[in-house]
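Visitor: fold the following.
(chains A and B)
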Amino acid sequence: DTEVTQTPKHLVMGMTNKKSLKCEQHMGHRAMYWYKQKAKKPPELMFVYSYEKLSINESVPSRFSPECPNSSLLNLHLHALQPEDSALYLCASSQVQGTTEAFFGQGTRLTVV
Amino acid sequence: GDSVTQMEGPVTLSEEAFLTINCTYTATGYPSLFWYVQYPGEGLQLLLKATKADDKGSNKGFEATYRKETTSFHLEKGSVQVSDSAVYFCALSAPSGGSYIPTFGRGTSLIVHP
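Guide: Numbers count the residues shown, from 1 in each chain, chains lettered A, B, ... in the order given. The predicted model follows:
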């Protein structure tokens, strides 16, 4: 199984809503990532978890709150977002050492209205 | 810091033409190098990889060789198909604070006409 599963695929939320994005992998990877991708741009790193601990936060606004409840799951909690936060949010996972290619999910297309 | 530079697109080709997408990198260590492909509305799929100098990665007719002397990892395909139309990202993975962080180039859009 080389899949990273993200839910939901599409999400429309108001600026006062609270929502969560979910990501799951069963490849035994101990590094998990959140990326944000705007149209016609490369993915931008947001957060990295290594062994279920937050290791990198790329100065992301606090309205984005990541959580890694166990080695297979990664969540991104959203609160009080702005329209400019509308984007494709990608989750990825990889081994921490050794063969380090990242496997990506299909993404959640988020629209903030 | 580490970075990846890709040629600007779009690259527009006719079916069965030869494809080259240039990619060069800057890294302080010995990174692994990757090409990812993104079809419209989808996530990124790993296309091929190379983990050390002179390695050649290949998949689905695409190939790229890790050239340490020129810090390059150019993507090639001998005969493209309409179904190859997508955005291609060159990436490297190098250690950073105990993790290996994928760093992406800007992406190159490929459009193949019948």
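
Visitor: can you list the strands that the lowest-mean-pLDDT helix or strand in chain B pairs with?
Guide: Ranked by mean pLDDT, DSSP states H and E, the weakest helix or strand in chain B is strand B:99-104, scoring a mean of 81. Applying DSSP bridges, strand B:99-104 is found paired with strand B:86-96 (antiparallel).

Visitor: buried set for the partner strand?
Guide: Using 16 or more other CB atoms under 10 Å in any protein chain shown as the test for burial, strand B:86-96 gives B:86-95. (C-beta placed from N, C-alpha, C; glycine too.)

Visitor: ok, A:Leu54 touching A:Val48?
Guide: Yes: between A:Leu54 and A:Val48 a contact is recorded at 7.5 Å, counting by CB atoms under 8 Å.

Visitor: of these two, which one has the most company?
Guide: With neighbours defined as other CB atoms under 10 Å in any protein chain shown, A:Leu54 and A:Val48 compare such that A:Val48 has more, 26 against 12.

Visitor: before we move on, the earlier item: C-terminal to the least confident helix or strand of chain B, what's the next element?
Guide: Helices and strands here follow DSSP states H and E; after strand B:99-104, the next one along the chain is strand B:108-113.

Visitor: what's the mean pLDDT across stretch A:15-29?
Guide: On average, the pLDDT along stretch A:15-29 is 95.

Visitor: up against chain B, what does chain A have?
Guide: Where chain A comes near chain B, counting by CB under 8 Å from any CB of the partner chain, the residues are A:4, A:6, A:31, A:33, A:40-43, A:45, A:48, A:50, A:55-56, A:90, A:92, A:94, A:96-97, A:99-107, A:109.

Visitor: filter the residues you listed down to just the buried residues.
Guide: Burial by neighbour count, 16+ other CB under 10 Å: within these this picks out A:4, A:6, A:31, A:33, A:42-43, A:45, A:48, A:50, A:55-56, A:90, A:92, A:94, A:100-107, A:109.

Visitor: these in strands, which ones?
Guide: Among these, DSSP state E puts A:4, A:6, A:31, A:33, A:45, A:48, A:50, A:55-56, A:90, A:92, A:94, A:103-104, A:109 in strands.

Visitor: which stretches of chain A have low pLDDT?
Guide: Along chain A, the parts satisfying pLDDT under 70 run over A:1-2, A:97-99.

Visitor: need the contact list for the residue positioned nearest the centre of it.
Guide: In chain A, the centroid-proximal residue (CA atoms, centre = their mean) is A:Trp34; its distance is 3.1 Å. By CB atoms under 8 Å, 6 or more residues apart in numbering or on different chains, the contact set of A:Trp34 is A:23, A:45-47, A:66, A:74, A:76, A:89-91.

Visitor: who's it bridged to?
Guide: Per DSSP bridges, the residues bridged to A:Trp34 are A:Phe47, A:Cys91.

Visitor: and the gap between it and chain B?
Guide: Distance check for A:Trp34 against chain B: by CB to the nearest CB, to the nearest Å, it reads 12 Å.

Visitor: try A:Lys19
Guide: A:Lys19 sits at a distance of 19 Å from chain B (criterion: CB to the nearest CB).
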